[in-house]
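Asks: turn this into a model:
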Amino acid sequence: MRNVQAKANYVVKQLVNRVLVAKQVTREEHLQLTSSLLSEQRVTDDDRHQISHILDEIRLGRLKVID
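Replies: As a prediction, the model looks like this:
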């Protein structure tokens, strides 16, 4: 179970990094990030902060959501 959690955290970190570099997020990635915050899955404080930052950037129009 711990291995699964570590892998999930790694995937979230990679996704966050890709979104911040590209300055755009697909709807699927947006859903994945939002689900990570809302799920029972453990998300590190750093990951939670970065995901919240991405969601704020979307709300402010600084990150583009693409199909």
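Asks: in which helix or strand does the residue nearest the centre of the chain reside?
Replies: Nearest to the mean C-alpha position of the chain, by CA atoms, centre = their mean, lies L33 at 3.5 Å. Following DSSP states H and E, one finds L33 within helix 27-38.
Asks: and the residue nearest to the centre of the chain, what pLDDT?
Replies: Turning to L33, the model gives it a pLDDT of 93.
Asks: wait, it sits on E57?
Replies: No - L33 is beyond contact range of E57, at 11.5 Å (criterion: CB atoms under 8 Å). Any C-beta I mention is one placed from the backbone N, CA and C, and that applies to glycine too.
Asks: which parts of stretch 27-44 are buried?
Replies: For stretch 27-44, burial by neighbour count (16 or more other CB atoms under 10 Å) applies to E29, H30, L33, S36, V43.
Asks: check stretch 11-22 too.
Replies: Result for stretch 11-22 [16+ other CB under 10 Å]: buried residues V12, L15, V16, V19.
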